Each structure stands twice: as C-alpha cells, then as structure tokens.
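A.B. asks: Fold the following for me, if possible:
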Amino acid sequence: MAEADVLTTDAQDQLGKLGEADIVVGIPSYNNARTIAHVVRAVSAGLAKHFHEARSVIVNSDGGSKDGTQKAVLDTPVSTDHLLLMRHPLQPVQRISTSYVGLPGKGSALRAIFRAAQQLKAKACAVVDSDLRSITPDWIDLLVRPVLEHDFDYVCPYYRRHRYDGTITNSIVYPLTRTLYGTRVRQPIGGEFGMSAKVVDRYLSKNVWETDVARFGVDIWMTTTALAERFTVCQVFLGAKIHDPKDPGADLSAMLVQVVGSLFSLMEEHEKGWKSVRGSVPAPLYGFPYAVGLEPVKVNPEKMIHAYQQGVRDLMPVYESFLHPEVVAELGRLTEAPAEKFIVDDSLWASVVYEYAAAFHQRKLDRQHLLKSLTPLYLGWVSSYVVRTQADSDDEAEQKIEQLCLAYEQLKGRLVERWDSK
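C.D. replies: Numbering: from 1, shown residues only. Okay, the predicted model is just below:
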C-alpha cells in the first residue's frame with residue numbers, strides 16, 4: 001500500500017488545510033460513542049491548559065463505527081476558559097475524525113494517526129484509548145512534555161492497577177520484556193503513549209502494518225521496538241486506569257495467544273540484541289505517584305485451579321513433546337495439589353515461559369496450537385498468585401511480581417540455551 005493511501009482523501013485534504021502542527025493527539029476508536037466525548041474534552045482541556053501556545057490537532061482514527069462515534073468527536077462542545085482560569089489567548093485545538101484504511105484493528109488506526117502526525121510535521125504525538133473513564137487533562141501534559149522538553153523518544157504509562165487486573169502483563173509481558181531488553185517498563189501494553197517525530201517516522205518505515213502483529217499486538221510491538229532499537233524511554237505516572245475489568249479466570253485464551261505470539265515473534269526479530277543483555281535498570285519515572293482508589297476485580301481461584309488441573313491432565317502428551325522433563329514433572333505434581341497449597345513457583349513459571357518461547361521459535365508444534373496449550377498453565381499461575389496474595393497489601397503483592405521478574409532474569413541463560421538447541 002502506498003504511504004499516501006494510509007489516509008483517506010478527505011483526511012489528506014483536511015490535514016493539508018491545517019498545514020503544520022506541534023502536537024498531535026490520536027484517539028483510535030470503534031463504537032465508543034458512549035465514552036469518547038469525555039476523552040475528547042479531557043484531551044482538549046489538557047492541550048489548552050498545558051500547551052496553549054502550541055498548534056495542536058486531535059485525530060480520531062475510527063474503524064467504521066455504527067453508533068455515531070465520529071459525530072460525537074466532532075460535535076462535542078469544548079469550552080475550557082471557565083475550567084482553566086486563563087486570561088491569555090489560547091491556540092484553538094483542531095479536530096479531525098477519519099476512517100482508517102487497512103486491516104481491521106488498532107494497528108491500522110495507529111498507522112493513520114502516525115501518518116497524520118508525520119504529514120503535519122508534529123514534534124510530538126500522543127495516543128490515548130477512546131473508552132477511558134479516568135483520563136484527566138494532566139495526562140496530556142505527562143505524555144507530551146517529556147518529548148518536547150526532555151528529549152525522550154517514547155513515553156510509557158505507569159498506572160495503579162488492581163493486583164488481579166492485567167495478569168497477562170504481570171505474569172509474562174512485564175517480566176519477559178524487562179529481562180529481554182534490560183529496561184523496566186511496568187506497563188508495556190498500557191494503551192497510552194507519547195512519541196517523538198523520530199519514533200513515529202521509524203514506526204511508519206516498518207513492514208509490519210499488514211501482519212498479525214499490527215492487528216493483535218501493536219502496543220507491545222511499539223514498546224519493544226523502542227527498547228530494542230535503543231530509543232530513549234521513560235514512564236509517567238497517570239494514577240488509575242479505570243476501564244471495564246475482566247475476571248482473569250474468564251476466557252482469555254484468544255488474548256493470551258495474540259499477546260504472547262506477538263512477544264515471541266518480536267524475540268525472533270530482535271534476537272541479536274537481547275541474547276547478550278543481563279539484568280535490568282528502571283526506566284525514569286515522571287509524575288507524582290499517589291494512592292488511588294481501585295475498582296475491585298473478582299476472581300475465583302478454585303475455578304482456575306480446576307481448569308489448570310483438568311487441562312494439564314488432558315494435554316500432558318502435548319507438554320511432554322516439548323517441555324523439559326523436570327518442568328513436566330512439576331506441572332503434573334500440581335494436578336494433585338489442594339487449593340490452599342496450590343503454588344506455582346517463580347522459577348517454574350519462568351521456565352515454562354522460556355520453554356514455550358523456544359518451542360515457538362523452533363516450531364516444535366503448530367504455533368497456534370502451542371500457544372493455546374499455554375492457557376491452562378497461565379490460569380494456574382493466576383490462581384497461585386491469588387492464593388499467595390489474598391492477605392497482602394498492594395505493595396506486598398507488587399513485591400511478589402518483582403520477585404518473579406528476578407527469577408526470569410536469573411534463568412535467562414536457560415532461555416538462550418533452549419532457544420539455540422536443535
């Protein structure tokens with residue numbers, strides 16, 4: 001697809017009339033009419049409050065919504081004077097809503113936003129989700145200012161989340177990303193990001209936009225690319241991310257396959273870089289961390305333990321075909337463990353993830369079948385984490401995630417060995 005075709009003709013015309021901009025804030029959407037007006041108001045107020053002298057454009061990239069999402073973007077009244085108590089003139093914030101071109105999914109929506117930012121020669125680009133209930137005007141300052149004033153190329157969000165929200169991130173995405181690339185980014189797939197023009201140009205130059213990675217794993221692709229290619233990365237504290245949480249014991253198989261498949265595919269792309277990395281350092285954190293009220297996430301560990309035990313019994317021949325015998329033995333032992341003693345050791349879980357990464361790389365099984373077989377084991381880890389943290393404070397529960405990360409780092413040599421084995 002030609003680069004010009006990323007944007008519709010109408011969008012190109014609108015951008016041409018605007019000329020140039022300093023800041024672009026993108027909002028990808030699909031049937032978000034109920035929530036997107038609040039997001040537009042918060043973004044507009046943030047730009048007016050913190051960047052009143054900058055030329056700013058909000059770009060809504062929509063996936064063909066049928067509920068009036070695009071109309072809500074354009075029709076939402078935005079009056080900030082009485083909110084911001086400002087006397088000096090404000091640069092008007094422009095708004096564009098366009099349907100994206102390409103494969104259905106967030107990746108195509110982001111590609112259109114990046115192309116708009118590139119055409120407008122924006123110095124900074126930020127992206128926020130369209131269903132946020134907790135976004136405030138200050139989020140825009142936090143996502144954009146590190147790029148404009150501190151020369152960071154990529155800005156990741158840092159949220160307070162309920163300990164049982166984001167368990168795929170807690171168990172796999174954060175520990176593995178940190179171990180592979182040596183930088184601790186707590187929310188690699190958070191959904192809100194800030195970027196320099198240099199990173200935007202780099203993303204658009206990649207041949208990834210017609211692949212499953214762009215469809216299903218664009219957030220982790222963006223973060224991994226920034227880390228692996230040594231762009232300057234920081235985190236910003238955004239408080240709570242309030243959305244509709246899901247029970248980790250619900251059917252998350254499709255999401256697990258998509259996210260983990262993207263992670264493993266990126267490991268192949270950046271193999272030469274991550275093998276020699278040992279240990280990790282924290283990415284700089286900006287903003288003021290504070291305690292926030294979090295919506296509870298209901299979990300049923302007994303149900304997940306049962307799913308693990310039945311799944312392992314049913315899939316044992318599959319596991320025996322590619323997992324190390326010691327790992328298989330430990331997984332089998334847990335099929336007889338009572339709920340109160342069901343504990344998945346940190347080293348065991350890190351070994352499981354590493355064995356899966358190596359089997360994916362070596363194509364020991366059909367990749368979709370391989371990744372789907374991870375679901376019972378993942379539910380086992382979640383249930384074990386629930387059992388271990390039910391009486392913990394939030395800080396104590398978070399410390400257990402840090403201990404898991406250290407297990408990943410300590411066993412990285414095993415990953416390299418298994419990855420290279422024939």
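A.B. asks: What residues sit buried inside the host helix or strand of residue 318?
C.D. replies: Remark: residue 318 resides in helix 301-320, with elements defined by DSSP states H and E. Neighbour counts using 16 or more other CB atoms under 10 Å place 301, 304-305, 307-309, 311-312, 315, 319 of helix 301-320 among the buried residues. (Each C-beta comes from the backbone N, C-alpha and C, glycine too.)
A.B. asks: ok, now how distant is residue 130 from residue 36?
C.D. replies: Going from residue 130 to residue 36 by CB to CB, to the nearest Å gives 5 Å.
A.B. asks: To clarify, my last question referred to residue 363.
C.D. replies: Taking CB to CB, one finds residue 363 at 42 Å from residue 36.
A.B. asks: So which of the two has more stuff around it?
C.D. replies: Taking other CB atoms under 10 Å, residue 363 and residue 36 do not tie; residue 36 has more neighbours (27 against 9).
A.B. asks: That one is in contact with residue 128, isn't it?
C.D. replies: No. In this structure, residue 36 is not within contact of residue 128 by CB atoms under 8 Å, at 10.3 Å.
A.B. asks: what residues does stretch 373-384 touch?
C.D. replies: 164, 167-168, 171-172, 248-249, 252-253, 256-257, 260, 299, 301-302, 304-305, 307-308, 310-312, 315, 318-319, 331, 334, 342-344, 349, 352, 356, 365 (CB atoms under 8 Å, 6 or more residues apart in numbering).
A.B. asks: switch the cut-off to 6 Å
C.D. replies: 167, 171, 248, 253, 256, 301, 304-305, 307-308, 311-312, 315, 318, 342-344, 349, 352, 356 (CB atoms under 6 Å, 6 or more residues apart in numbering).
A.B. asks: In the stretch 1-150 of the chain, where is pLDDT below threshold?
C.D. replies: 1-4, 79-90 (pLDDT under 70).
A.B. asks: What segments of it are strands?
C.D. replies: Secondary structure of the stretch 1-150 of the chain (DSSP state E, counting those that start in this stretch): strands at 23-29, 56-62, 94-99, 124-127.
A.B. asks: Tell me the one of the buried residues of helix 301-320 nearest residue 265?
C.D. replies: residue 319 (22.1 Å; CB to CB).
A.B. asks: out of everything not next to it in sequence, what's closest to the closest one?
C.D. replies: Among residues not flanking residue 319 along the chain, residue 328 sits closest, at 5.5 Å (CB to CB, 6 or more residues apart in numbering).
A.B. asks: now do residue 113
C.D. replies: Among residues not flanking residue 113 along the chain, residue 26 sits closest, at 3.2 Å (CB to CB, 6+ apart).
A.B. asks: The one you found is in contact with residue 126, isn't it?
C.D. replies: No. Taking contacts as CB atoms under 6 Å, residue 26 lies outside contact range of residue 126: 7.2 Å.
A.B. asks: circling back to that earlier point, could you dump the strands of the stretch 1-150 of the chain to a markdown table with distance to residue 384 and mean neighbour count?
C.D. replies: Converted to a markdown table, the strands of the stretch 1-150 of the chain look like this (distance: least, CB to CB, whole Å; neighbours: other CB atoms under 10 Å):
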| stretch | distance to residue 384 | mean neighbour count |
| --- | --- | --- |
| strand 23-29 | 35 | 28 |
| strand 56-62 | 40 | 26 |
| strand 94-99 | 44 | 21 |
| strand 124-127 | 34 | 27 |
